[in-house]
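S.K.: For reference, the sequence and a predicted model appear below.
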Number of protein chains: 2
Amino acid sequence: MNNEYIRERERLIAEDRSRRVDALALAQATDAEKRADEIVRRIRSEENETVWGPDAPPIPGSMHVFPGMGFLTARETIVKTKLFEIASKMPKGALLHAHLDAMVNARVLLHIALKYPAIHVRTTEKLTAGNVKATLPEFCPLPEREWTSVKSLTGSGYEPGTWVPLTSAREAFGFGGPEGFDDWVVAALTINPSEAYVTHNTTDKIWKKFGTTFMVARGMSRYFPVYEDYVREFFRSSVEDGISYIESRMPLWYKYMIGPDGQENVPHREWLLAYDRVMKEVKEEFAKQGRADAFIGSKIIYCTKRDATCEELEWYLEDCIALKQEFPHLICGFDLVGHEDPLKPLVYYIEPFKRFVQRQKEVDVDIPFIFHAGETLGDGTPADMNLYDAILLGTKRIGHGFSLVKHPRIMEICREREIAVEVCPISNEILRYTGSMPMHPLPVLMNQGIHVALSSDDPAMFGNMGLSFDFFQVLVASEVTGLITLREMGRDSLKYSCLDPEDKARALSLHDQRWSKLVEWITSEFADTLKT
Amino acid sequence: MNNEYIRERERLIAEDRSRRVDALALAQATDAEKRADEIVRRIRSEENETVWGPDAPPIPGSMHVFPGMGFLTARETIVKTKLFEIASKMPKGALLHAHLDAMVNARVLLHIALKYPAIHVRTTEKLTAGNVKATLPEFCPLPEREWTSVKSLTGSGYEPGTWVPLTSAREAFGFGGPEGFDDWVVAALTINPSEAYVTHNTTDKIWKKFGTTFMVARGMSRYFPVYEDYVREFFRSSVEDGISYIESRMPLWYKYMIGPDGQENVPHREWLLAYDRVMKEVKEEFAKQGRADAFIGSKIIYCTKRDATCEELEWYLEDCIALKQEFPHLICGFDLVGHEDPLKPLVYYIEPFKRFVQRQKEVDVDIPFIFHAGETLGDGTPADMNLYDAILLGTKRIGHGFSLVKHPRIMEICREREIAVEVCPISNEILRYTGSMPMHPLPVLMNQGIHVALSSDDPAMFGNMGLSFDFFQVLVASEVTGLITLREMGRDSLKYSCLDPEDKARALSLHDQRWSKLVEWITSEFADTLKT
């Protein structure tokens, strides 16, 4: 008798969801896709009870367990779920928002650094049981003549400020030996749950801790030999996670890296040459394994910091153009990085930006802006207003766009001009823009028809290596989002990348092929799920 | 040289904000209003540093101080600010989302109850220093023949489950005497910061605590003599806060209140008669004080619970119609209440609702639905989908609509049909739908041009008595929202109320007059603010 009501209801729901970027894909889904989607929904529904429900086993360090809960406490539980097994197997498409100095697992970075005798470590205070947790290590590669033979950071004779060779410091570490040393360094390189959810539980405070993790990491990753290993590890681990193409935001505000000789003397063009070389090597590696299609390649978004003066910025913009001229296949965009709330708004740089656009015309290059904008909880604050300037300056995509949902006209423009948003769910949660995934505004963007590329932002600091964790958190926190939605997000990450048309077409076609295999795998692996 | 850019930027901002319901008011604001608005912005800006900034004095119970922070810890600081002094003085318009059993300060309710010797209290466990905080008092008015002369709840001879006269129990309370008793009862009637922000920090958990506060309160407020005092206190305190009209959601799922004789025998029509009588008394009181215009009056939204069966609901719907026929000026709507996530979705009740609409036509009455819908963090869950049914059933307004921002078509319909949303910022924050005010989706709704009536929901449990606190929290957490926005929200609360056209016109005109006085007061009281 209420069939008519139900039909009207379905019409309204369809209307409401008709702008979603997955609407067409859902309408055109094959039976196999629908079956796999249903399997994923059932697994999610079951695990939302057995793993994340009120009667699920407790999770250490968290009083509150629910789907999409704080990532830092949930991580060890996530990796044991079937849904994560599926997320891990998904082809991810492109990784479009990735800070190059935050892409390698902290422990792996330390072990890369340990290979190089030039790298030394020091503290500015004498380490005691009482202060060791709160004291940061400082790393630096030294020229050979400055290498020391100090044996220990923690011996009674240690003079604060004295450099100790990394391997010695680790061996002789007085607070738990090498293992204790590794834990101490990793803690300084990452954000832990107690920081994010207790002691630094505001965006302002957690950004301060976040800043120190970069400072500590750079002592190692700015060493050119480490950098090459770092990029290699980043490419390899990303590809293993199902990422087929990467746009790195490269931290080019340092004018030089520290060379093998311990001198600050490696200019930007060497960074790019090495990047290109490593990319080719990794491609060849995969080709040798018969997986040539797994890695399409990588490009670079030139980044400097949003605390530069206009004069300083001019230098970087010219440098960016010069690099683009030399490496047209590598440089694909320009951006400013850093905490948007306290730092300079985009509008501050209008003059240099306008000149940059003009200069590009003169020398006939094309470097789109790909701006961070609206990574803020503010409403009408300068960081929130960055969205207006990003649009007016013609940004190709928007990095974060956390506050974009507040701006109906900007969302309309994003739809009209197909400006995709690089959404970083786990980053937003750890940096306290959202309390947990169910509070995240991503569904608002999706229902408004905004193209979204999920991104990991700074996984070295957050622990969300690859894209599987971000895919998982998004999938688990919505009843609307399913397998087909994630396929579209993956496709969109390629579609709105800076890949050349041919490569893009190839990447999309490979993505579709890999997705078909995923669908087959899900359907055979979890066939029983549909029986009950 | 970049004047052109700046003009283009202003155009884009104006376009983006052009749908806001305050757009016209902003355009037409008088110089006096603009001056007062600027004063408010300066005070906010100053207090955001001096009261809520990183160097502001610490706030007990909170490691993190910022504008729009958790209300329960911020409350004592809020009341000392200039901005709150201004918010307190604002005419609020209508209070449209207010659960009648949650509207009187907990301590005041207890003191009302103390007047009545029929009211007894008991516990089901023997109270000890160890369990007193976790043990709830149970209140009940008893028929005279069942009154006891037990002296103490906490004496060594107390048998759990035995009723003790309220005054005796309070006098002889073993954990801090009368003051300790009051604190114990108030703790059971309210949500404290440690519950909301630590032990029960999820919507599911805090709803459980929230539920017990109602159970405890009802032991007193369901006693008809208390109820009359309660309604009087509610009206008086609301009017003192600047509220001029109220639509109460009356908890009519109990078929009877407990009468003066201690028997469960007071039917719904008596509740309404008393409500009407008290309203008239309070109106007269204000008239005698020369403030006849301060209180336009109050109506009732008939409420039962969303756990009823369809058969049970039929009874309530017929009861609602009968009451509407007898009290056409009082009954103004119908709603279901209770935690949307676990309870029945609106779609479950389609058949009785359709019949209700049909029956109204037969007997020629008009009782709009004014549904709670989308008070959830879910995306595509039944609670989130309630928004579709609320719309299809023709809801006059939406209660909460927390997840409305996810639904572009529903927002469009709300704009087209002028369906206002009763937004309850502090309630949403305490019930953990949002981590804090800066995370609240209110700006999304406002920029989409949705009419909003700020509401307090259950201030007895939350401590946000009146509307000043909700106005404050909204004002402090946005750089866009200013005095003129709040004026429009107040006007909208009247405009989208169920007032008869004449009363509405009068209420709006009085609101405008009071607002002009507010503008004058701000301008003279804080004249110095503009000098610096």
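M.R.: Right, received. Where do you want to start?

S.K.: okay, CA-based contacts and neighbour counts for the rest of this
M.R.: Will do.

S.K.: next helix or strand past the least confident helix or strand in chain A by mean pLDDT?
M.R.: For chain A, using mean pLDDT, DSSP states H and E, the weakest element among its helices and strands is helix A:23-28, scoring a mean of 91. Later in the chain than helix A:23-28, the nearest helix or strand by DSSP states H and E is helix A:31-50.

S.K.: so what does that following helix touch, helix or strand wise?
M.R.: helix A:82-89, helix A:483-495, helix A:501-525 (3 or more CA pairs under 8 Å, 6 or more residues apart in numbering or on different chains; DSSP states H and E).

S.K.: Tell me, domain by domain, which residues of chain A belong where.
M.R.: For chain A, automatic domain parsing gives the domain ranges A:93-107+A:215-517, A:117-189.

S.K.: Only the buried residues of the least confident helix or strand of chain A, if you could.
M.R.: For helix A:23-28, burial by neighbour count (16 or more other CA atoms under 10 Å in any protein chain shown) applies to A:A23, A:L26.

S.K.: near chain B at all, that helix?
M.R.: No - Helix A:23-28 lies apart from chain B when judged by CA under 8 Å from any CA of the partner chain; the minimum separation is 14.2 Å.

S.K.: hang on, the earlier thing: so which of the helices and strands packed on helix A:31-50 has the densest surroundings on average?
M.R.: helix A:483-495 (a mean of 23; mean count of other CA atoms under 10 Å in any protein chain shown).

S.K.: Next to chain B, which bits of the stretch 1-150 of chain A? Give me the list.
M.R.: Selection of the stretch 1-150 of chain A residues close to chain B by CA under 8 Å from any CA yields A:N2, A:R9, A:L12, A:I13, A:E15, A:D16, A:R17, A:M63, A:H64.

S.K.: Contacts only, for the first one.
M.R.: What it means is A:N2. Taking CA atoms under 8 Å, 6 or more residues apart in numbering or on different chains, we find A:N2 in contact with B:I350, B:E351.

S.K.: rewinding a little: can you give me how far the least confident helix or strand of chain A is from the chain middle?
M.R.: 28 Å (CA atoms, centre = their mean, to the nearest Å).

S.K.: Next: stretch A:392-400.
M.R.: With CA atoms, centre = their mean, you get 17 Å for stretch A:392-400.

S.K.: what's in contact with that stretch?
M.R.: A:97, A:368-375, A:390, A:419-424, A:496, B:9.

S.K.: low-confidence ranges in the stretch 351-500 of chain A?
M.R.: Of all residues in the stretch 351-500 of chain A, none has pLDDT under 70.

S.K.: Which residues of the stretch 401-532 of chain A lie near chain B?
M.R.: Near chain B, the residues belonging to the stretch 401-532 of chain A are A:405-410, A:433-435, A:438-439, A:443-445, A:447-448, A:477-480 when assessed by CA under 8 Å from any CA.

S.K.: Now which of those would you call buried?
M.R.: By neighbour count, with 16+ other CA under 10 Å, those hold A:405-410, A:433-435, A:438-439, A:443-445, A:447-448, A:477-479 as buried.

S.K.: ok, back up a step: determine which stretch of the domains of chain A is the most buried.
M.R.: domain A:93-107+A:215-517 (a mean of 21).

S.K.: First-to-last residue distance for that one?
M.R.: In domain A:93-107+A:215-517, first residue to last residue: 15 Å (CA to CA, to the nearest Å).

S.K.: now swap in stretch A:438-456 and tell me
M.R.: In stretch A:438-456, first residue to last residue: 18 Å (CA to CA).
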